[in-house]
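Novice: kindly return the folded structure for what I paste below:
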Amino acid sequence: MPSILDPLVDKAAGARKGAAWYKNAISSIADRVSARKLMSQGKLNGRPSIGRLNMFFYDPKYKKTLPYYDTFPLVLPIERIPGGFAGINFHYLRPGARFTLLQRLQRFSIRNEVSSRNRFDVSYDRVKNIPLVKNTIKKYLYSHVRSSFLRIDYDKAALSVYLPVAQFKKGSPY
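Specialist: Have a look, this model is predicted:
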């Protein structure tokens, strides 16, 4: 089975780079990457793309009582809820753990290929027993979404988990 990490293969050497290498490579371009730039250059939708990662601006309903929160989440929707959806917010994990979770979720892909046509077939019941998921499931209300949804295709998922665009307020989960 092709790996979701295949887009991260060094084309010249044919070897997969490690998570630390990608973290360092992304860090070198961090000053040129921003949430607003990503939103202006990507595929935007009015609703989250089911089975794909999504980025969007968000203003939480209960922000006054939350110890910290992410206003630009990277979310894989897993369930519809009244007025919104629940999803895995990868920003609540350290970058290396995001990479690991993405690998584990690959078993839920629709196709046996790494392409923009592929997507994840996930639900709460399918992911609830994955230890890394425990603190990442968050609920999002459409009435508190402050932008369109930036669709991250399956073949770009591994790169997206390292982008330094999380916007935590009042603290951080790590």
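
Novice: helix or strand with the lowest mean pLDDT in the chain?
Specialist: strand 9-10 (a mean of 52; mean pLDDT, DSSP states H and E).

Novice: residues contacting Lys130?
Specialist: That one is not Lys; residue 130 is Ile. Ile130 sits next to Leu101, Arg104, Leu105 when contact means CB atoms under 8 Å, 6 or more residues apart in numbering. No exception for glycine: its C-beta is placed from N, CA and C like everyone else's.

Novice: now with 7 Å, please.
Specialist: Ile130 makes contacts with Arg104, as judged by CB atoms under 7 Å, 6 or more residues apart in numbering.

Novice: where's the most centrally placed residue in the chain relative to Gln167, distance?
Specialist: In the chain, the residue lying closest to the centroid (CA atoms, centre = their mean) is Leu74, at 3.6 Å. Leu74 sits at a distance of 11 Å from Gln167 (criterion: CB to CB, to the nearest Å).

Novice: ok so, going back, hmm, the residue nearest to the centre of the chain is touching Met55, no?
Specialist: Yes: assessed by CB atoms under 7 Å, Leu74 is found in contact with Met55 at 5.4 Å.

Novice: measure the residue nearest to the centre of the chain to Asp125 for me?
Specialist: 22 Å.

Novice: go on, Gly83?
Specialist: Taking CB to CB as the measure, Gly83 and Asp125 are separated by 21 Å.

Novice: got it, and Arg111?
Specialist: As judged by CB to CB, Arg111 and Asp125 stand 21 Å apart.

Novice: more crowded one of those two?
Specialist: Arg111 (12 against 9; other CB atoms under 10 Å).

Novice: OK, contacts around the more buried one?
Specialist: Arg117, Asn118.

Novice: His144: neighbouring residues, count only.
Specialist: Neighbours of His144 using other CB under 10 Å come to 16.
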